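Novice: Pasting the sequence and the predicted coordinates here, then a few questions.
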Amino acid sequence: MRYSRHVVGTLAQLDHWTQADDIVAQLVTWAGTQQGQPVLIPQTDGDLLLVSRHRAALSAAFRFVVAEEALVEDLIHKQRFQALAQRSGLDVPPAAVMPADGAANLPRGLRLPVIAKPLTRRDLVGLDLTGKAVRIDGEADFRELRRRTSAQGIDVLVQELVPGPETRMESWHAYVDGEGAIAGEFCGQKIRTWPLEFGYSTAVRITATADVACAGREVAERLGLHGLIKVDFKRDPAGVLRLLEVNPRATLWNFPGAVAGVNLVALLHADLIGRPRPPVPPLRAGVTWCAPREDRWAAAAAGVSTTAWLAQMLRCSARSGASWDDPAPFVRGELAPAVKRRLRRVRGGRVAGLRRE
């Protein structure tokens, strides 16, 4: 998005997990050059933890809303979230922590199949996972998982699998103001992910599913949440919504939600700068969003033809990094790097061929 015509400036890219102090210093310095306090909106787990843990320094320079620090830590850390949800009487699948050097077998009280996921997203790369979790069906899978965790020293949460495809993943999205009132809300359902199982969303649909909204409101109330909220559920074969995680921050869903008429970020922004909130029209359910490059991979893996996928992509109401009236993110951020990579491979092949001759 750094190439978008809406972007007026950028900061040096630093790792929010390992360079938090440098990021805070950079942000505070930049804020000092602006007229008034800018609005700060975390968009990833790393962003959220950074803002929460450095809220004292950042609050002097920025306007933002994040949950209480202990609650943020509970929501981001998988083991702490499991305990919080159980204390709050929320329906989460049974789970247990498998230490990095623990036994390579099913934790007591759990039934196969299960999934394993690192306690924070920071460790996804360390476990060499392409998705958010890995499926465990038996002893061989546990041994492979044990090999990965012990090599990297990473504990994981082992959780009973909620059966069904990723299209059974549904979510509630809202902005809850400081008084605890819901200023705007909508629901969503995944269409495709990459990888196909436990992957990241590549195509989604905005919905107005009543039981999802009801369940999301109950989670927000029991946990005392405010600000931007995303609550993830998976609908089991009996139709019951099982709670998987809660993200108290901005997400990719805010874009299609705004296209559908409910601009949660705009509502939050208006409150932060002390201006009247924009009107919230009736939700236009059915709006779709996709990330074209990754969704093409997901569609191909799911057996969708290129022609059928192209028709679906062109019908999308919102696309990540691909807009006719703002083409630079796609041209400079996606197309140009892909062309450069292709040219390097072609030139490398020619050089290798000459050497072989």
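Specialist: The structure has been received and is ready for your questions.
Novice: Buried residues, the strand or helix carrying residue 26. List them.
Specialist: Using DSSP states H and E, residue 26 falls within helix 20-31. In terms of neighbour count (16 or more other Cβ atoms under 10 Å), helix 20-31 has its buried residues at 20, 23, 24, 27, 31. (C-beta placed from N, C-alpha, C; glycine too.)
Novice: Pick out the residue closest to the middle of the protein.
Specialist: Residue closest to the average C-alpha location in the chain (Cα atoms, centre = their mean): residue 251, at 5.8 Å.
Novice: If you rank every helix and strand of the protein by mean pLDDT, what lands last?
Specialist: Lowest mean confidence among the helices and strands of the chain (mean pLDDT, DSSP states H and E): helix 336-356, at a mean of 67.
Novice: gap between residue 318 and residue 326?
Specialist: 12 Å (Cβ to Cβ, to the nearest Å).
Novice: Those two - which one has more neighbours?
Specialist: Shown here are residue 318 and residue 326; by other Cβ atoms under 10 Å, residue 318 has more neighbours (19 against 15).
Novice: you'd agree the more buried one is up against residue 253?
Specialist: No: Residue 318 is beyond contact range of residue 253, at 10.2 Å (criterion: Cβ atoms under 8 Å).
Novice: Nearest to residue 228 among the buried residues of helix 20-31?
Specialist: Of all the buried residues of helix 20-31, residue 228 sits closest to residue 27, with 18.8 Å by Cβ to Cβ.
Novice: show me the contacts for that closest one.
Specialist: By Cβ atoms under 8 Å, 6 or more residues apart in numbering, the contact list for residue 27 reads 11, 40, 58, 61, 62.
Novice: By pLDDT, give me the weakest of those residues.
Specialist: On pLDDT alone, residue 11 ranks lowest of these, at 89.
Novice: so who does the nearest residue to it once chain neighbours are set aside touch?
Specialist: Using Cβ to Cβ, 6 or more residues apart in numbering and skipping the chain neighbours, the partner closest in space to residue 11 is residue 26 (5.5 Å). Residues in contact with residue 26 (Cβ under 8 Å, 6+ apart) are 11, 12, 14.
Novice: List the contacts of the closest residue to the last one other than its chain neighbours.
Specialist: So the one you mean is residue 14. The shortest distance from residue 14 to any non-neighbouring residue, by Cβ to Cβ, 6+ apart, is to residue 23 (5.1 Å). Residue 23 makes contact with 14, 16, 50, according to Cβ under 8 Å, 6+ apart.
Novice: export the helix or strand where residue 141 lies as PDB, just CAs?
Specialist: Assigned by DSSP H and E, residue 141 belongs to helix 139-152. Extracted as PDB, the C-alpha positions of helix 139-152 are listed here (Å, rounded to 0.1, in the frame of the first residue of the first chain):
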ATOM      1  CA  GLU A 139       1.900 -40.500  16.200                       C
ATOM      2  CA  ALA A 140       3.900 -39.800  13.000                       C
ATOM      3  CA  ASP A 141       2.500 -36.200  12.900                       C
ATOM      4  CA  PHE A 142       3.300 -35.700  16.500                       C
ATOM      5  CA  ARG A 143       6.900 -36.900  16.000                       C
ATOM      6  CA  GLU A 144       7.300 -34.400  13.100                       C
ATOM      7  CA  LEU A 145       5.800 -31.600  15.200                       C
ATOM      8  CA  ARG A 146       8.100 -32.500  18.100                       C
ATOM      9  CA  ARG A 147      11.100 -32.300  15.700                       C
ATOM     10  CA  ARG A 148      10.100 -28.800  14.700                       C
ATOM     11  CA  THR A 149       9.300 -27.500  18.100                       C
ATOM     12  CA  SER A 150      12.400 -28.900  19.800                       C
ATOM     13  CA  ALA A 151      14.700 -27.600  17.100                       C
ATOM     14  CA  GLN A 152      13.400 -24.000  17.600                       C
END
